[in-house]
Structures are given as C-alpha cells and as structure tokens.
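K.L.:
sequence first, predicted coordinates after that:
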Amino acid sequence: LQRSERLASMGALAAGVAHEVRNPLNTIGLIAQRLQREFEPRVGIDAYERMTATVRDEVKRVNRIVSEFLALARPPQIEWQPVVTAELVADAVAAVEARAAVQGLRLVVTAEDPGGLEGDRDQLLQVLQNLLNNAVDAMPEGGCLTFGSGIGGGEFDGFVAVYVQDTGIGMNAHQLERVFDPFFTTKEPNQGTGLGLSVSYGIAQDHDGHLVAASEPGKGSRFTLYLPCAGNGSDSQRPDEQRMKSQDV
C-alpha cells in the first residue's frame, strides 16, 4: 500500500515536471542539431563536433528520463488481447540474446507452456525486457542468465509465472525492500534512472498480476512476474508482500 501511494505521488509530480522540462529540452536539442549541421568553426573542428554530439546525446538521455516520468504519471491504456506466453518469451529472448552473447553470459531458457494470457502484449514485453536487461547489467564479470515460464503454485495458483534469474552481485535486505521504489537503483551513476522496475511493477498491477523479487548478496537475484491465466478473471487477492519476500519465488 505504501509503495502504491509513493508511485501515485511520484506520478502526479512527474506530469508537471515532464511538461516544464520537455519544452526547453526540445529547443536545446534543435539548436544543437543546427549547430552541428549548419555551422563550422574556424578552429578546433574536432572538439566542436564532439561537444555538439555530446549535447545531443545528453538531450536524448534526459528526454528518455522524462518519458519514464510520464509512464509513471500517465500509464498507457491497456489494449487487452489474447497473448501466447511462449511467443512472448521467445520475443523477449530475441531482444536480449545478442547482448548476453557479447558480454559472455550463458543464457538458459527453460520455458514450459503455461497456457495463454490476456493483456497488453507490448507492455508485458516491456516488463520482461527490462528484467532481462537488468539481469545482464548485474553480471559484468559474466555468469548465467536463466529465463523461464511455468505455472505458479501456492498463493499464485492459477497464475502464469515468468521468471528471470541471474548469478550476479545480488541485493541485501535493504535494497530488496526498496527495489520497486521510484529512483532507487543499485547501478552506477548515469547507468540507470531507477524508474524501470517502478514502471514494470505498475504494469504488473494494472494486469491484475504481481512482480516479486528475491535476492541474496553475491548469489544473484530472481524476479518473477505472475499473471492470471486467460479465463481466470481478475479477482485474485494480492498476497502479503512481506511473506512474498521471505519465501523462495
């Protein structure tokens, strides 16, 4: 409940900030583009090219942060449609396997056929890609990335479970408690906004699902997305989050 309230407050703030930031940001980007294309300095042309390119790159980075702000403030409308879980998993794998190979990671896909879903395919794919990219980031020295799907059990009986597990640096109890909070990140400065997991958490909620995290320092992390099976309805009760964190997900 507290996390949901924080997300709602942050979303309201984001709407105002995004509007005020985007207008001058677009102006800066257009000026930098014109400087790069239409003007040429008398001396120091290489330095000039580097500086104008840096301005444009930073404008893009800030604009991406603003876009994530807006995702908190105004989540896109869900376009409900049947989703084939196996196809969703395959598309998520295709988007990350090249990056995993470059980084020397072992990618293991253990997908079972848990049945179909109903939801917004693009939004669900966004969640899985975010989880997979975070797992890759958590293993800079290499490791094993496991991506799988199946049927949930216990409190998640009747749910499709899609999980991402890494053998990376892991998180301590304090980090795990805050992992879905806006702007909280364990990444190096300028490598993450701390909004990706917050947006993913919101998408899971909007789909009557749950996004659960488990982790230990030095032993990696596991994130599991639970979504109602097609035809099960949306009246499932949200489990107590403290119990979710203490159990093996």
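P.N.:
That came through fine.
K.L.:
beta partners for residue 225?
P.N.:
Note on residue 225: beta-bridge partners by DSSP bridges are residue 162, residue 211.
K.L.:
would you quantify the distance from it to residue 62?
P.N.:
For residue 225, the distance to residue 62 under the criterion Cβ to Cβ, to the nearest Å works out to 29 Å. The way it works is simple: take the backbone N, C-alpha and C, and place the C-beta from them, glycine included.
K.L.:
do the same with residue 80
P.N.:
Here the criterion is Cβ to Cβ. By it, residue 80 lies 33 Å from residue 62.
K.L.:
what about residue 225 and residue 62, which has more around it?
P.N.:
Between residue 225 and residue 62, counting by other Cβ atoms under 10 Å, residue 225 is the more crowded of the two (24 against 15).
K.L.:
are we agreed that residue 194 is in a helix?
P.N.:
No - in this structure, residue 194 is coil, not part of a helix, as judged by DSSP: H, G, I helix; E, B strand; the rest coil.
K.L.:
quick check: phi and psi on the residue located most distally from the centre of the chain?
P.N.:
Farthest-out residue of the chain from its mean C-alpha position, per Cα atoms, centre = their mean: residue 42, at 45.1 Å. Phi and psi for residue 42, reported as degrees, to the nearest 10, are phi -70, psi -30.
K.L.:
what's the longest helix in this structure?
P.N.:
Secondary structure of the chain read by DSSP state H shows that its longest helix is helix 2-38.
K.L.:
which secondary structure elements does that one contact?
P.N.:
Here helix 2-38 touches helix 45-73, helix 196-206, going by 3 or more Cβ pairs under 8 Å, 6 or more residues apart in numbering; DSSP states H and E.
K.L.:
off-centre distance for it?
P.N.:
Relative to its chain's centre, helix 2-38 lies at 19 Å (Cα atoms, centre = their mean, to the nearest Å).
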